[in-house]
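K.L.:
Quick one: sequence and predicted model below, then my questions.
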Amino acid sequence: MKKLLNSLYITRQKSYLHKERETIVIKNGDEKLGQFPALTIGNILCFGQVSVSPFLMGYCGEKGIGLTFYSEYGKFLARVQGPQTGNVLLRRGQYRWADEDEKCTSIARLMVAAKVANSRSVLMRELRNHGDNSVLRGAAEKLSVSLRRVKQAKSVEEVMGMEGDAARSYFGAFNELIRGKGFVFSGRVRRPPLDPVNALLSFAYTLITHECSSALQGVGLDPYVGFLHKDRPGRVSLALDLLEEFRAFWADRFVLTLINRRQIQLTDFVTEASGAVRLTDDARKTVLSAWQERKQTEVTHPYLGESVAIGLLPHCQALLLARHIRGDLEYYPPYWVK
């Protein structure tokens, strides 16, 4: 099993990273913010105005340390990648499958079914813990119908349509899950997020997409060639496919925990002139600290039957997907919360 290495999240604006012997140094002007042994770092995520020395970029590529740049809002900008690893035969198999509608549909159907089931589990968990709620109960019933329909989908287009219907049902009831004072969710808004809840959701989805992309590269798959999300320049389509399995169970529950436990307040957000809402620098640090703790939490993998840290789940699923493409597994087992 892959070791759960640390991720460095650089959020302080105008920070500068460079390599010093076998360590990674973070500075802001003349102030040293931190120094970490490179061998303990798996990924470096830079948000906003962060610069990295060319020598450190090369070192990260050589050692397989993920180095990714995002805007302050969490929008993906670029990724520094070293030589492609993994079996070329696996990637050729992936490309052939991506060109076959039947193969794409078989995997897309399973991934979306897991997303719908996990979304329903979030609603049912709330009902068990806090009593009956007609809105949540109605949404859960609609998701049950969507789940049955997804399993019978005959094309990727059908799967995408059913996924959209399920998402509308789920997010239509999402506000019932929020108990933080002043937080209101009236619907999913992505580019850009226009309220604090959407800003948190988008940020969490961005973080998991990065984890999925790294995991796929680690097993030798191409994160840019997906089965549910079709090819688009610059889009990590397969990572977005894998993200679907983790949205509700990992990202949405994480966001709800931050809000309902009042770890995040409305004062932790700023609204730009464009109407876009984003976290303040201090709030982003709070979120990322909680995120690292969440990644260490262990759960029992439904297929492997082993205790696994949440941060390693994308690596488990990437490995299972690679085995399915190679022909070692008859079906791909998506991450499905029971």
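P.N.:
Yep, it's here.

K.L.:
could you say what helices and strands the helix or strand hosting Tyr16 packs with?
P.N.:
Using DSSP states H and E, Tyr16 sits in strand 15-20. Secondary-structure packing of strand 15-20 (3 or more C-beta pairs under 8 Å, 6 or more residues apart in numbering; DSSP states H and E): strand 23-28, strand 41-47, strand 50-52, helix 54-63. Bear in mind the C-beta positions are built from the backbone N, C-alpha and C, glycine included.

K.L.:
what is Ser307 paired to in the beta sheet?
P.N.:
Under DSSP bridges, the beta-bridge partners of Ser307 are Thr300.

K.L.:
Tell me if I'm right that it and Cys316 touch.
P.N.:
No - counting by C-beta atoms under 8 Å, Ser307 does not reach Cys316; the two are 11.5 Å apart.

K.L.:
Is it correct that Thr11 is in contact with Gly48?
P.N.:
Yes - the criterion here is C-beta under 8 Å, and Thr11 meets it with Gly48 at 7.1 Å.

K.L.:
Common neighbours of the two, please.
P.N.:
By C-beta atoms under 8 Å, 6 or more residues apart in numbering, Thr11 and Gly48 have no common neighbours.

K.L.:
returning to that earlier point: out of the helices and strands packed on strand 15-20, which gets the lowest mean score?
P.N.:
Lowest mean pLDDT of these: strand 41-47, a mean of 81.

K.L.:
Who does it pair with, and is each partner parallel or antiparallel?
P.N.:
Applying DSSP bridges, one finds strand 41-47 paired with strand 6-10 (parallel), strand 66-70 (parallel).

K.L.:
Enumerate the positions of that strand that are buried.
P.N.:
Ile41, Gly42, Asn43, Ile44, Leu45, Cys46, Phe47 (16 or more other C-beta atoms under 10 Å).

K.L.:
what about the most centrally placed residue in the chain, distance to Arg232?
P.N.:
The residue lying closest to the centre of the chain (C-alpha atoms, centre = their mean) is Ile208, at 1.8 Å. In this view, Ile208 and Arg232 are 19 Å apart by C-beta to C-beta, to the nearest Å.
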